[in-house]
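Peer 1: Would you be able to build a 3D model of this:
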Amino acid sequence: MNRSQLAHFMKSSGDPEETLTAATTDELGIIVDALYRNLDTPKPVFGAQDWYDLATEELARRSAPSSPDAYGAA
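Peer 2: Numbering: from 1, shown residues only. The predicted structure is shown next:
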């Protein structure tokens with residue numbers, strides 16, 4: 001996803017939190033990668049940092065163990 005595609009995606013998606021929550025894990029990975037690469041440019045797309053923060057939080061949430069504690073005890 002290039003800069004203009006990312007900017008269009010962010011502008012047309014509405015609420016970032018809803019968009020990222022609704023994305024599949026594969027789609028989320030693509031979005032995180034595009035945002036990361038964009039943030040590593042001299043002029044990132046406006047709002048990219050906020051989107052990146054939300055997207056990485058969502059990715060971390062999905063990667064977290066579903067058990068209540070680290071040992072898997074209920």
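Peer 1: So what's the residue count around the residue lying closest to Y52 once chain neighbours are set aside?
Peer 2: Using C-beta to C-beta, 6 or more residues apart in numbering and skipping the chain neighbours, the partner closest in space to Y52 is L35 (4.1 Å). Placement of C-beta: from N, CA and C, glycine included. By the criterion of other C-beta atoms under 10 Å, L35 has 26 neighbours.
Peer 1: just the one 3 residues further on next, same as before
Peer 2: The number of residues packed around N38, counting by other C-beta under 10 Å, is 21.
Peer 1: next structured bit after whichever strand or helix holds K11?
Peer 2: Per DSSP states H and E, K11 falls inside helix 3-12. As assigned by DSSP H and E, the chain's next helix or strand after helix 3-12 is helix 16-22.
Peer 1: Now the phi/psi pair for the residue most central in space within the chain, please.
Peer 2: By C-alpha atoms, centre = their mean, the mean C-alpha position of the chain lies nearest to A55, the distance being 2.1 Å. For A55, the backbone dihedrals (degrees, to the nearest 10) come out as phi -70, psi -40.
Peer 1: Likewise for N2?
Peer 2: According to degrees, to the nearest 10, N2 has phi -90, psi -180.
Peer 1: my guess is R62 meets T25, correct?
Peer 2: Yes: counting by C-beta atoms under 8 Å, R62 does reach T25; the two are 5.9 Å apart.
Peer 1: what's the angle from the helix or strand harbouring R37 to helix 3-12?
Peer 2: R37 is part of helix 25-39, with elements assigned from DSSP H and E. Calculated by axes from the mean of the first three to the mean of the last three C-alpha atoms, to 10 degrees, helix 25-39 forms an angle of 120 degrees with helix 3-12.
Peer 1: May I see the buried residues of helix 25-39?
Peer 2: Buried residues in helix 25-39, counted by 16 or more other C-beta atoms under 10 Å: 28, 31-32, 34-35, 38.
Peer 1: Mind giving me the packing neighbours of it?
Peer 2: Helix 25-39 sits against helix 3-12, helix 48-63, with contacts defined as 3 or more C-beta pairs under 8 Å, 6 or more residues apart in numbering; DSSP states H and E.
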